[in-house]
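mind looking at a prediction? Sequence and model below.
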Amino acid sequence: MSRSRHVLGSPVLAAATQALVLTLGSLGYGFHRDELYFRMLPPAWGYVDQPPLTPWLARTLAGLVDEPWMLRVPATLASAVTVLLLAALAGELGGDRRARTLAAWTAAFATLPLALGHVLLTSTLDLPVTVAVVLVAVRALRGDPRWWLAVGALAGLSTLNRLFVPLVVVGLVLGILVLGPRSSLRTRWPWLGGLLAVALALPAVVYQWANGWPQLAMGAALSENNAADVRATLPLILLITAGPLLVPVWVAGAVHLWRVAEARWVLVATALVIAFTWVSGAQPHYPVALIDMLLAAGCVPLSRWTARRTWREVLVVAGIGVGAAVSCVVALPVLPPTVLGSSPVPDISPLARDQVGWPVYVGQVAEVWREVGPEAVVLTSNYGEAGAIDRYGPSSGLPVPYSGHNALGEGDPPPDSAVVAVVVGAQYPDLEPLFARCEVRARLDNEVGVATEEQGVPVAVCRDPVRPWSQLWPEVQHLD
């Protein structure tokens, strides 16, 4: 038995350990803003900002147990499966048992994948699918072209969750055309896989066509609001995705991929995703899955390096342990909320700060609403505030909130008979001119000093809309 098998166990042990850590982490802090949003979206074939799968999961699970840990069960499972798939990818790239085990442990506690696995996000569910597409594509190029059907099936089904995996498939085709092996495209199997992908993606395409291609409008809005920040933080994202200690490993993985003819195309796909992230300025975490796969590839030469000297293996195991400890602090609710705000964690992982303060904020909104009376409607600036009031508001008597943000803006506006509104959030300066008079009654405070998007925003009472709500609603709607 090799030393690494003795010290680190197996890929299954790594995946199980990660699942246990994520399960325990699900009990800390609270809902993430996106989880609050997903659980309140009504059933639909699609939404202006995303396909239906993740909201369906959140809504269904919340109907069973409306707590964060329940919503995060799919995220935990997706992350554990990703670990196993990355270990299999390392094996497909020529790695031995030691390489597969190293790939599993480094992937299990890589910083940003661990953070994504902690909450139910569309990106979390995309991780295993993206890795699976690369794995089966390499197998198809290795001599069994029937795997192209699996590539097509995964790419097509992924459009139920997000439209990211097809971008990776574009990188796959482009990479094969540029770097080879081009002979694989001369058989019928890639084209059959492509037809299968189109057939399975048809519902998503029909939804986009029938609704005026809302994904393009959403992408443009994200770019307008996020581009500068995304481009500024992208180098940092690449540095901390796996953790700074593991950057040399995924760089070595890029070199190793270049040497594997059937997987060289992954470098083109990675470059395409990074370039798309830079140009679109939409979301900075798009390259995470690709960096994860470079990391798995890097564990192949890392395994060979550790096999030659005992001290090298000890050094690698210690590095993985230190990196895992740091990742847990950054990605999981390890720090108490009272300490979180004074730490660098919220700046490194905004996911952490977006889980803090929601019940407190709702209580403060409820105090203002009770002062006004039950005839007042509640209008929030973003879907996090709306989702929090939807989840925690009923216990305080709050009505169902309204919001013009993203898919919530597609819902009904307040009734035209409503003449008083409690307006919450950063959109207030833009909404104030829509009323005859407004008065700020409070400002949200999570009481633990965490600088969230909601911290310090106004809670105002606005009276007498200048026009009926049905006419004002387009001015309330916004994408970002």
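Happy to help now that I have it.

model confidence for the spatially most central residue of the chain, exactly?
Centroid-nearest residue in the chain, with Cα atoms, centre = their mean: Ser123, separated by 3.2 Å. Model confidence at Ser123, given as pLDDT, is 93.

which SSE is it in?
Assigning secondary structure by DSSP states H and E places Ser123 in helix 122-141.

enumerate every residue touching Pro43.
By Cβ atoms under 8 Å, 6 or more residues apart in numbering, the contact set of Pro43 is 52, 56, 59. Heads up, the C-betas are built off the backbone N, CA and C, glycines and all.

most neighbours among those, which one is it?
Counting neighbours by other Cβ atoms under 10 Å, Pro52 comes out on top of those with 19 neighbours.

wouldn't that one be in contact with Phe38 here?
No: checked against Cβ atoms under 8 Å, the pair Pro52 and Phe38 is beyond contact range at 10.2 Å.

what about Cys462, neighbour count?
Neighbourhood size, Cys462 [other Cβ under 10 Å]: 23.

let's verify it: helix, strand, or coil?
Secondary structure, DSSP: H, G, I helix; E, B strand; the rest coil: Cys462 is strand.

circling back: mind checking which of the contacts of Pro43 land in helices?
Counting by DSSP state H, those place 56, 59 in helices.

tell me the buried residues in the helix or strand hosting Ala366?
Using DSSP H and E, Ala366 sits within helix 358-372. The neighbour-count check on helix 358-372 (16 or more other Cβ atoms under 10 Å) flags 358-362, 364-366, 368-369 as buried.

CSV for those residues, including distance to Pro429?
Below are those laid out as CSV (distance: Cβ to Cβ, whole Å):
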residue, distance to Pro429
Trp358, 23
Pro359, 26
Val360, 23
Tyr361, 19
Val362, 22
Gln364, 19
Val365, 18
Ala366, 23
Val368, 18
Trp369, 21
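
tell me the contacts of the residue nearest to Ala254 when sequence neighbours are not counted?
Excluding the flanking residues, the one nearest Ala254 by Cβ to Cβ, 6 or more residues apart in numbering is Leu294, at 5.4 Å. Leu294 sits next to 250-251, 253-254, 257, 266, 270 when contact means Cβ under 8 Å, 6+ apart.

right, and the helix or strand after the helix or strand containing Leu294?
If you go by DSSP H and E, Leu294 is part of helix 288-307. Next along the chain after helix 288-307, taking DSSP H and E as the criterion, comes helix 310-331.

with just CA atoms, put that next one into CSV.
This file holds the C-alpha atoms of helix 310-331, laid out as CSV (Å, rounded to 0.1, in the frame of the first residue of the first chain):
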residue,chain,number,x,y,z
THR,A,310,8.9,10.9,1.8
TRP,A,311,9.5,14.5,2.8
ARG,A,312,7.8,15.7,-0.3
GLU,A,313,4.7,13.7,0.5
VAL,A,314,4.7,15.0,4.1
LEU,A,315,5.0,18.6,2.7
VAL,A,316,2.1,18.1,0.2
VAL,A,317,-0.2,16.6,2.9
ALA,A,318,0.7,19.4,5.3
GLY,A,319,0.0,21.9,2.6
ILE,A,320,-3.4,20.4,1.8
GLY,A,321,-4.2,20.5,5.5
VAL,A,322,-3.2,24.1,5.9
GLY,A,323,-5.1,25.1,2.8
ALA,A,324,-8.2,23.1,4.0
ALA,A,325,-8.2,25.0,7.3
VAL,A,326,-8.0,28.3,5.6
SER,A,327,-10.7,27.4,3.1
CYS,A,328,-13.0,26.4,5.9
VAL,A,329,-12.6,29.7,7.6
VAL,A,330,-13.2,31.6,4.4
ALA,A,331,-16.0,29.5,2.9
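
what does it contact?
With contacts defined as Cβ under 8 Å, 6+ apart, helix 310-331 is touched by 3-4, 7-8, 21, 25, 102, 105-106, 108-112, 114-115, 117-118, 240, 242-243, 245-246, 302, 305-307, 334-335, 345, 348-349, 351-352.

figure out how far the helix holding Ser123 is from the centre of its chain.
16 Å (Cα atoms, centre = their mean, to the nearest Å).

beyond that helix, next helix or strand please.
Following helix 122-141 in sequence, per DSSP H and E, is helix 147-158.

could you dump that following helix to CSV, C-alpha only?
Only the C-alpha atoms of helix 147-158 are listed here, as CSV (Å, rounded to 0.1, in the frame of the first residue of the first chain):
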residue,chain,number,x,y,z
TRP,A,147,-19.4,9.1,-25.2
TRP,A,148,-20.3,12.0,-27.4
LEU,A,149,-23.9,11.2,-26.7
ALA,A,150,-23.2,11.7,-23.0
VAL,A,151,-21.6,15.1,-23.8
GLY,A,152,-24.7,16.1,-25.7
ALA,A,153,-27.1,14.9,-23.0
LEU,A,154,-25.3,16.7,-20.2
ALA,A,155,-25.0,19.9,-22.2
GLY,A,156,-28.6,19.9,-23.2
LEU,A,157,-30.0,19.0,-19.7
SER,A,158,-27.7,21.6,-18.1
